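Q: With the input below, show me the fold.
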Amino acid sequence: MELHTIPRRKTRKMKAKRLGRGIGSGVGGHTVGRGQKGQKSRTGHKSTMFFEGGNVPFYRRMPKYRGFNRPGKIKHEAINVSLVDEEYKPGETVSLESLIEKGLIRKRNPHVKILGDGEIKKKVTIDGLTLSATAEKKIIAAGGTIK
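A: Down below sits the predicted model:
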């Protein structure tokens, strides 16, 4: 009889290795295949990808509420009344196109708001821009118009 002539058993089920049951169990003594010392050799250690060594995990540091970085939020580019007074001549129209031509705003942001910081003494026409309440008062007081 040779090894390749021995018939195979139909159900070949082996018992599970019982680790950590002493040297007499035949597998693993007191270290049980975990190496010598350290956190990973002990029970109850955290080896998951979310464990950060005792720090508060990333998923708990993040805000819980929805809308943390709202994708549809409109960010207005602010322009003060004093800048309009410096850059424009009396009677000119302040519009989105003229602001882009003068290099006062970036082309990719179409949302502009004129704020009321500073003084304005020139008559200008504001066309299609958002205004703050103080900017509106100052422009009308200077004799300007708002379309």
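Q: all helices of the protein, in order?
A: Counting by DSSP state H, the chain has helices at residues 58-61, 81-87, 96-101, 133-141.
Q: Deepest-packed of these, please.
A: A comparison of the helices of the chain by mean neighbour count, using mean count of other CB atoms under 10 Å, puts helix 81-87 on top with a mean of 18. Backbone N, C-alpha and C define where each C-beta goes, glycine included.
Q: which other helices and strands contact that helix?
A: strand 112-115, helix 133-141 (3 or more CB pairs under 8 Å, 6 or more residues apart in numbering; DSSP states H and E).
Q: what does that helix contact?
A: Outside helix 81-87, the residues that touch it by CB atoms under 8 Å, 6 or more residues apart in numbering are 94, 102, 104, 114-122, 124, 135, 138-139.
Q: same deal with stretch 30-42?
A: Here stretch 30-42 makes contact (CB under 8 Å, 6+ apart) with 19-20, 23, 27, 45, 47.
Q: re the thing from before, list buried residues within the contacts of helix 81-87.
A: When the contacts of helix 81-87 are checked for burial by 16 or more other CB atoms under 10 Å, the buried set is 94, 104, 114-116, 120, 122, 124, 135, 138-139.
Q: Output the below-cut-off pLDDT ranges for this structure.
A: 64-68 (pLDDT under 70).
Q: Strands of that one, start to end?
A: 77-80, 93-94, 112-115, 125-126, 130-131, 145-146 (DSSP state E).
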